[in-house]
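Visitor: Turn this into a model:
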Amino acid sequence: MLEKILRAIERAVPKTVYHFFQPVYHFLLAFLGAVIYRFPSRKLTVVLITGTKGKTSTAEILNNIFEANGTTTALLGTLRFKVGSHSERNMRKMTIPGRFFVQHFLRRAVDAGCTHAIIEMTSEGARQFRERFIDMDALIFTNLAPEHIESHGSYEKYRDAKLAIARTLSRSEKTRRFMIANADDKEGGRFLGIKNVLAIPYHLTDGDPVIADEKHIELTFAGVRMHSTLPGTFNAYNIIAAAICAYKLGVPANVIAAGVARIEQIRGRMERIEMGQAFPVIVDYAHTPDSLEAVYKTFPAHKKICVLGNTGGGRDTWKRPVMGGIADTYCAHVILTNEDPYDEDPRVILEEMRGGFKKQTPEVILDRRLAIARAFSLAKDTKNALVLVTGKGTDPFIMGPNGTKTPWDDALVAREELIKTAGHAT
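Guide: As a prediction, this is how the structure comes out:
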C-alpha cells in the first residue's frame, strides 16, 4: 500500500521537481524501509555481489557452498527469491526489487532462522540506494563492462554506481568487512582501494593451473582440488570468488569443494537442454559483447548455430552492431530474432545488428519460437553442430510496446521444440 502511495505522489509531482529531489527521496525510502523492518541485516551474515556479469552464477555457487556447510540461507537475485527451504522464481524482470521489498525479505530471512543472506546488487539498484542501510559482511565484485550507458549517462557514471555499493560496505556496522574483487578486471583496483575494509583480490592464475572447457572446471583452492561440471573460464572466476568469500566466512576448503561439486548447472546460465537430441543445446543469458564472446569461445570445436536476440529496445544501442559482429565471427549460422523490443520497432533493431555482419548474411526470424525451431532444424543436418540461444536466459517475459508482456522461458520453449523436432524425425 505504501509503495502505491509513493508512486502516486511521484506521478503527481512535476518531473523537474521530482528529479531535483530524487536522491533524497530514494535515500529516505531506503532508511524508512530499514526502520520499518528493524534493520534485519544486523542479525544476518550478508554478502552482496555486484558486477556486469557473473552475479547470478556466483550467488548460486556461494549458496550451494553455504548449504553444504549446513547453513540456512536466503538468496535474492535474478533467478529466484529463496528464504530457507522455500524458493520461488523471480518474475519481476529485475534483479533487485524496491527498498521495502529488500528489507522485508531480510526480515523474513531472520524470522525463518536464516543466518546468511546473499543479494545480487545492480547499478540501477545502487542509483536508488537499494543497498543502503544493509549492513554487509562482504561484497564480491566480479567484473565491469559497458552496460546501461544511456541510463547512467556514461561508462564512468555506471562504474561509479557500482563503486557506491563498495562505499556502503565501508560504512557497514559489521566489525569485519571483506571486499573480494576480481583483480584481473581493469576496474578491480578501484574496488580493492575502498577504505575501512579488508581487500581480498583474486586472480584466475593463482596457484595450480585452472582447467576450464565446455564440460568441466578443475582448480585448486586452499590446497584442495575442486571439480565442477559448470563450463567455461568465466565460471572458474565465479567459483574462485564464491570460494574465497565462503572461506573468509569460516567454511572449510573441503566443504567448499563439496558445495562446488554439487551444483551441476544454473538455470539460464550455460544451461544444457537435454531431450535426447543428437546435438548440444545451450541457453544462456549473455547480453553484453564480452559475455557473448565468452560463451562462443567456450565451444571452439563446434559449428555453432546461434539464435541471437535484438539486445533490448530503448537502451545500449551502441552494442547492437558489435554483438552482430561477434556472432558473425564465431557462428557458422546466425538467426536474428526478437527479444525485448519494448517501444522500438524490432525490425529496426535487427537492421542495426545486421550492420555488424561482414562475412555472412544472418537469417532473420522475428518470432523467437520459430527462430529456435529453425536452429534445431539446421542442427539436425549439420555435422558437429551446437545450438546456442542467448539473450534472455530465465527472463520470464518478452517485453513489448506500451508495457505489454508475453510470458516466456527460453529453456521451456527449447524443450518443446526439441520434442517436435524428434517427432518430425520419426
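
Visitor: shaky segments in the stretch 51-200 of the chain?
Guide: Applying pLDDT under 70 to the stretch 51-200 of the chain flags the ranges 148-151.

Visitor: could you redo the last one with a cut-off of 80?
Guide: Counting by pLDDT under 80, the stretch 51-200 of the chain has low-confidence residues at 96, 98, 125-126, 129, 146-153.

Visitor: Show me the shaky parts of the stretch 301-426 of the chain.
Guide: Low-confidence segments of the stretch 301-426 of the chain, defined by pLDDT under 80: 310-315, 422-426.

Visitor: And the helices in it, which stretches?
Guide: Secondary structure of the stretch 301-426 of the chain by DSSP state H, counting those that start in this stretch: the helices cover 319-330, 346-354, 368-380, 410-425.

Visitor: Quick one: list the elements packing against the shortest one.
Guide: Put plainly, it is helix 346-354. helix 319-330, strand 333-336 (3 or more C-beta pairs under 8 Å, 6 or more residues apart in numbering; DSSP states H and E). For the C-beta atoms, the positions are set from N, CA and C on the backbone; glycine is no exception.

Visitor: ok, 7 Å please
Guide: Helix 346-354 sits against helix 319-330, with contacts defined as 3 or more C-beta pairs under 7 Å, 6 or more residues apart in numbering; DSSP states H and E.

Visitor: Distance check, the closest residue to L230 other than its chain neighbours against G314.
Guide: Ranked by C-beta to C-beta, 6 or more residues apart in numbering and with sequence neighbours excluded, the top spatial neighbour of L230 is I217, at 5.9 Å. Distance, I217 to G314, using C-beta to C-beta, to the nearest Å: 36 Å.

Visitor: neighbour-wise, which of these two wins?
Guide: Between I217 and G314, I217 has the larger neighbour count (other C-beta atoms under 10 Å), namely 22 against 14.

Visitor: State the number of residues packed around A332.
Guide: 15.

Visitor: any idea how far D316 is from it?
Guide: Using C-beta to C-beta, A332 is found at 26 Å from D316.

Visitor: A236 now?
Guide: A236 is 27 Å from D316, by C-beta to C-beta.

Visitor: do V102 as well
Guide: Counting by C-beta to C-beta - V102 and D316 are separated by 26 Å.

Visitor: Using the three-state scheme, assign I180.
Guide: Here I180 is recorded as strand under DSSP: H, G, I helix; E, B strand; the rest coil.

Visitor: L75 now?
Guide: Secondary structure assignment for L75 (three-state DSSP): strand.

Visitor: so which helix or strand takes in the closest residue to it other than its chain neighbours?
Guide: Once flanking residues are discounted, L75 sits nearest to K82: 4.1 Å by C-beta to C-beta, 6+ apart. Assigned by DSSP states H and E, K82 belongs to strand 80-83.

Visitor: which is the next helix or strand following that strand?
Guide: Sequence order places strand 86-89 as the next helix or strand after strand 80-83, per DSSP H and E.

Visitor: Buried residues of that next one, list them for me.
Guide: For strand 86-89, burial by neighbour count (16 or more other C-beta atoms under 10 Å) applies to no residue.

Visitor: following that strand, which helix or strand comes up?
Guide: helix 99-111.

Visitor: Alpha carbons of that following helix, as PDB, please.
Guide: The C-alpha coordinates for helix 99-111 follow below in PDB (Å, rounded to 0.1, in the frame of the first residue of the first chain):
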ATOM      1  CA  ARG A  99      13.900  -1.000  -0.900                       C
ATOM      2  CA  PHE A 100      10.800  -2.100   1.100                       C
ATOM      3  CA  PHE A 101      10.900  -5.500  -0.700                       C
ATOM      4  CA  VAL A 102      14.600  -6.000   0.200                       C
ATOM      5  CA  GLN A 103      14.300  -5.000   3.800                       C
ATOM      6  CA  HIS A 104      11.100  -7.200   4.100                       C
ATOM      7  CA  PHE A 105      13.000 -10.000   2.500                       C
ATOM      8  CA  LEU A 106      15.800  -9.700   5.000                       C
ATOM      9  CA  ARG A 107      13.300  -9.600   7.900                       C
ATOM     10  CA  ARG A 108      11.600 -12.800   6.600                       C
ATOM     11  CA  ALA A 109      15.100 -14.400   6.500                       C
ATOM     12  CA  VAL A 110      15.700 -13.500  10.100                       C
ATOM     13  CA  ASP A 111      12.300 -14.800  11.200                       C
END
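
Visitor: what's in contact with that helix?
Guide: The contact list for helix 99-111 (C-beta atoms under 7 Å, 6 or more residues apart in numbering) reads 2-3, 29-30, 33-34, 36-38, 40-41, 43-44, 74, 76, 81, 83, 96, 117, 130.

Visitor: Of these, keep whichever come out buried.
Guide: Here, 16+ other C-beta under 10 Å leaves 29-30, 33-34, 37, 40-41, 43-44, 74, 76, 81, 83, 96, 117, 130 buried among these.

Visitor: And the strands in the stretch 101-250 of the chain?
Guide: Using DSSP state E, counting those that start in this stretch, the strands of the stretch 101-250 of the chain run over 116-120, 138-141, 178-182, 198-202, 211-212, 217-221, 224-228.

Visitor: Buried deepest among the ones you listed, which one?
Guide: Highest mean neighbour count among the strands of the stretch 101-250 of the chain (mean count of other C-beta atoms under 10 Å): strand 138-141, with a mean of 29.

Visitor: Given that strand, what are its sheet partners and their directions?
Guide: Here strand 138-141 has these sheet partners by DSSP bridges: strand 45-50 (parallel), strand 178-182 (parallel).

Visitor: Which one of those lies nearest to M353?
Guide: Closest approach to M353 among those (C-beta to C-beta): strand 45-50, 28.2 Å.

Visitor: Quick check: which helices or strands does the helix or strand following the closest one pack against?
Guide: The element immediately downstream of strand 45-50 (helix or strand, assigned by DSSP H and E) is helix 55-68. Contacts defined by 3+ C-beta pairs under 7 Å, 6+ apart place helix 55-68 against strand 45-50, strand 73-76, strand 116-120, helix 233-248, helix 253-261.

Visitor: what's in contact with helix 55-68?
Guide: With C-beta under 7 Å, 6+ apart, helix 55-68 has contacts from 47, 49, 73, 75, 77-79, 116, 118, 120, 140, 142, 235, 238-239, 241-242, 245-246, 251, 255-256, 258-260, 262-263, 266, 269.

Visitor: and the angle from that helix to strand 178-182?
Guide: 130 degrees (axes from the mean of the first three to the mean of the last three C-alpha atoms, to 10 degrees).
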